[in-house]
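> Fold the following and give me the result.
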Amino acid sequence: MNDGIDTNITDGTGGDGGYEGDDFTWVDPYASEWDKLTTVSTTLATFSIAMSLATLLVFTLMRYYLPTLSNRVSLRLVSFIAIADIVYECAWMGLNYVTYADTPECTTVMYFIVAGNLASVFMSAAIALNIFLVFVIKFGVTPIYERMYYIASASVAILLPIIAVATKRLGYNGDECWFRGPPDDLLNGIGPQWGFLYGWITLVCILCSIATFLFWYVLYQNQKQLRDIPNRVGSTAASAKKNNKARKKEQLVNKAVSRISWYCVVPLLAQSWNIILDVYLHLGGSYETFTSVWITYLACIFAALQGTMNSTIFLLLDPTVGHAREALRKHLVQAHYLKYMCLETQSTTAMTSPTSPTSPGTSHRMSMQHVHPTIVDPETASQIPVPEGLFQNAMFWFTKQLLLRSEDLEAKTPLRSDTAKAAARGSVHSPTSSEIPASTTGVSNTEGKVRAVALL
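This is a model prediction of the structure:
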């Protein structure tokens with residue numbers, strides 16, 4: 001019936017879509033791309049949820065086993081960021097399974113998307129503000145100020161979408177679940193979008209950009225001062241020792257701040273493409289173009305990775321988590337390797353009294369430093385346990401191959417197994433928290449700057 005008539009009319013963008021069949025049904029040329037995007041972004045959002053749950057688990061374990069070490073403002077803020085990211089990613093995934101219609105489900109999903117997203121970026125801004133106050137201005141943050149971080153961030157994140165729902169600016173707009181315009185033009189939701197979401201996110205991104213620049217500028221100045229320290233004071237032994245101590249403390253603070261400041265970069269990476277896409281569409285762009293497809297890809301992928309980025313910084317870069325990993329490594333080495341080693345130590349200066357009591361796994365312990373491992377006699381070796389069973393042997397091999405370091409064997413004998421946990425908890429030297437009171441206020445000199453890390 002349609003011989004000689006081309007029923008596939010392209011849309012002028014180079015796509016293969018158009019009007020097909022006798023009823024001229026519109027075929028989206030990028031329909032397959034949207035399906036792929038939904039699959040990819042849903043997968044990434046699921047991974048972000050898993051990473052955020054891992055963050056909460058690690059933080060909970062640190063609070064239980066290393067309470068002093070984990071007593072830090074930014075760690076508590078990160079735990080709330082993880083909760084907000086879970087809410088945001090779950091609601092965002094739920095949007096793919098909600099029927100686009102003027103229903104309570106559509107409005108509810110949009111509420112949690114906006115609230116979770118705002119809560120996450122506001123908590124990131126709170127981390128930036130906290131570092132700015134402590135590290136740049138040298139202002140001591142007390143628990144009252146910390147509570148203000150939570151109250152202000154949560155209140156604004158919860159109230160803004162409530163106002164949007166109450167004014168009927170959030171929900172089904174005739175095309176999708178998103179922001180709504182006035183009743184006579186529901187699709188024109190640019191005002192509500194920027195008033196309730198993008199405007200606040202843009203403000204946070206600008207503030208985080210300024211704060212990050214200031215952090216790294218101050219870090220650069222501090223490094224420059226460290227290089228100038230030997231030139232400003234004499235070369236006596238006492239001054240050299242003081243300079244080394246000051247340099248180490250300054251480097252500790254700089255390293256901690258440089259790593260924590262990466263939390264401020266996450267809103268820039270996660271939300272910038274959403275803002276670019278929104279501006280592009282309101283300047284006359286269309287979803288049915290190649291450019292908008294790829295901007296949408298980047299926007300959805302980076303938004304879905306928001307929880308992953310926050311969790312990655314927490315698990316891999318945060319200095320406090322690094323100390324906790326070292327404590328765990330030492331505990332595993334002691335519990336699954338050193339207690340099986342047939343070693344004794346001999347001091348180069350003095351030994352403990354031969355009449356001092358010994359116990360399996362602690363015999364021949366020396367009281368002095370400068371000790372060296374040697375093979376023990378058969379009688380002592382018979383008192384040392386050996387790995388039994390598949391699990392113990394597997395952990396012995398895993399610890400030896402992946403966790404053991406040379407310094408673990410240099411100057412320490414196997415500790416008693418019943419003190420392994422206590423040794424692991426005490427093995428981390430953490431001037432970031434254990435030596436610094438949480439109420440420290442003000443940081444004014446080079447040596448005192450290390451106190452700032454406890455407030456970060």
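> Tell me which residues of stretch 290-302 come out buried.
Buried residues in stretch 290-302, defined by neighbour count with 16 or more other C-beta atoms under 10 Å: 292-293, 295-297, 299-302. For every residue, glycine as well, the C-beta is placed using N, CA and C.
> go on, stretch 184-194?
By neighbour count, and taking 16+ other C-beta under 10 Å as the criterion, the buried residues in stretch 184-194 are 186, 189, 192-194.
> cool, and stretch 267-279?
Neighbour-count burial for stretch 267-279, with 16+ other C-beta under 10 Å as criterion, is recorded at 267-268, 270-275, 277-278.
> Narrow those to those in strands?
For these, not one is inside strands, with DSSP state E as the criterion.
> Tell me where the model's unsure across this structure.
Within the chain, the ranges that satisfy pLDDT under 70 run 1-31, 226-243, 245-247, 249-250, 252, 341-385, 410-456.
> a markdown table for the buried residues of stretch 184-194, including secondary structure and distance to Glu33?
Compiled in a markdown table, these are given as follows (DSSP: H, G, I helix; E, B strand; the rest coil; distance: C-beta to C-beta, whole Å):
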| residue | secondary structure | distance to Glu33 |
| --- | --- | --- |
| Leu186 | coil | 26 |
| Gly189 | coil | 24 |
| Pro192 | helix | 28 |
| Gln193 | helix | 23 |
| Trp194 | helix | 27 |
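> Out of these, flag the one nearest to Gly389.
The shortest distance between Gly389 and any of the buried residues of stretch 184-194, using C-beta to C-beta, involves Gln193 and amounts to 60.6 Å.
> quick one on the thing from earlier: I'd like the buried residues of stretch 267-279 as a markdown table, with distance to Tyr198 appended.
Compiled in a markdown table, these are given as follows (distance: C-beta to C-beta, whole Å):
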| residue | distance to Tyr198 |
| --- | --- |
| Pro267 | 12 |
| Leu268 | 14 |
| Ala270 | 13 |
| Gln271 | 8 |
| Ser272 | 11 |
| Trp273 | 12 |
| Asn274 | 7 |
| Ile275 | 6 |
| Leu277 | 10 |
| Asp278 | 6 |
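> Mind jotting down where the helices sit in the stretch 101-250 of the chain?
Counting by DSSP state H, counting those that start in this stretch, one finds helices in the stretch 101-250 of the chain at the ranges 104-131, 143-166, 190-193, 199-232, 237-260.
> Direction-wise, compare the fourth one with helix 104-131 and give the angle.
Orientation note: helix 199-232 sits at an angle of 20 degrees relative to helix 104-131 (axes from the mean of the first three to the mean of the last three C-alpha atoms, to 10 degrees).
> Which parts of this structure are strands?
In chain order, the chain shows strands spanning 18-20, 25-27, 170-172, 177-179, 343-347, 371-375, with DSSP E as the criterion.
> The third one pairs with which strands, parallel or anti?
Put plainly, it is strand 170-172. As defined by DSSP bridges, the strand partners of strand 170-172 come to strand 177-179 (antiparallel).
> For the partner strand, list every residue counted as buried.
Along strand 177-179, these residues count as buried under the neighbour rule (16+ other C-beta under 10 Å): 177-179.
> closest to Leu69 among the buried residues of stretch 267-279?
Using C-beta to C-beta, Pro267 comes nearest to Leu69 of those, at 27.2 Å.
> Let me know whether that closest one touches Thr202 as I believe.
No: contact status for Pro267 versus Thr202: not in contact, 9.7 Å apart, counting by C-beta atoms under 8 Å.
> Neighbours of Leu219, how many?
Using other C-beta atoms under 10 Å, Leu219 is surrounded by 17 other residues.
> neighbours around the residue lying closest to Val218 once chain neighbours are set aside, how many?
In space, not counting the residues next to it along the chain, Val218 is nearest to Val136; the distance is 5.7 Å by C-beta to C-beta, 6 or more residues apart in numbering. Counted with other C-beta under 10 Å, the burial measure for Val136 works out to 14 neighbours.
> Hmm, Val136 is touching Trp216, no?
No: look at Val136 against Trp216 with C-beta under 8 Å: they stay out of range, at 11.0 Å.
> And the closest residue to Trp200 other than its chain neighbours, how far from Tyr172?
The shortest distance from Trp200 to any non-neighbouring residue, by C-beta to C-beta, 6+ apart, is to Leu118 (6.2 Å). Leu118 sits 21 Å away from Tyr172 when distances are taken as C-beta to C-beta, to the nearest Å.
> So which of those two has more stuff around it?
Each of Leu118 and Tyr172 had its neighbours counted (other C-beta under 10 Å), and the higher figure belongs to Leu118 (25 against 20).
> For Asn188, see how far away the more buried one is.
When C-beta to C-beta is applied, the distance between Leu118 and Asn188 equals 22 Å.
> cool, and Tyr297?
As judged by C-beta to C-beta, Tyr297 and Asn188 stand 25 Å apart.
> In CSV, list the C-alpha atoms belonging to stretch 299-313.
Taking C-alpha atoms only, stretch 299-313 is exported to CSV below (Å, rounded to 0.1, in the frame of the first residue of the first chain):
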residue,chain,number,x,y,z
ALA,A,299,25.0,14.0,34.1
CYS,A,300,23.4,10.7,35.0
ILE,A,301,26.7,8.8,35.4
PHE,A,302,28.4,11.4,37.6
ALA,A,303,25.2,11.9,39.7
ALA,A,304,24.9,8.1,40.2
LEU,A,305,28.6,8.1,41.3
GLN,A,306,28.2,10.7,44.0
GLY,A,307,28.0,8.2,46.8
THR,A,308,30.9,6.2,45.3
MET,A,309,33.1,9.3,45.1
ASN,A,310,32.4,10.3,48.8
SER,A,311,33.0,6.7,49.9
THR,A,312,36.2,6.3,47.9
ILE,A,313,37.7,9.5,49.5
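> that older thread, residue contacts, the residue nearest to Val218?
214-215, 218 (C-beta atoms under 8 Å, 6 or more residues apart in numbering).
> now swap in Arg329 and tell me
Leu403.
> what about Met148, how many residues close to it?
Applying other C-beta under 10 Å, we find 14 residues neighbouring Met148.
> go on, the one 10 residues further on?
Under the neighbour criterion other C-beta under 10 Å, Ile158 is assigned a count of 14.
> and the closest residue to it other than its chain neighbours, how many residues sit next to it?
Leaving aside its sequence neighbours, Ile158 sits nearest to Ala115 (C-beta to C-beta, 6+ apart; 5.8 Å). Residues within reach of Ala115, counting by other C-beta under 10 Å, total 23.
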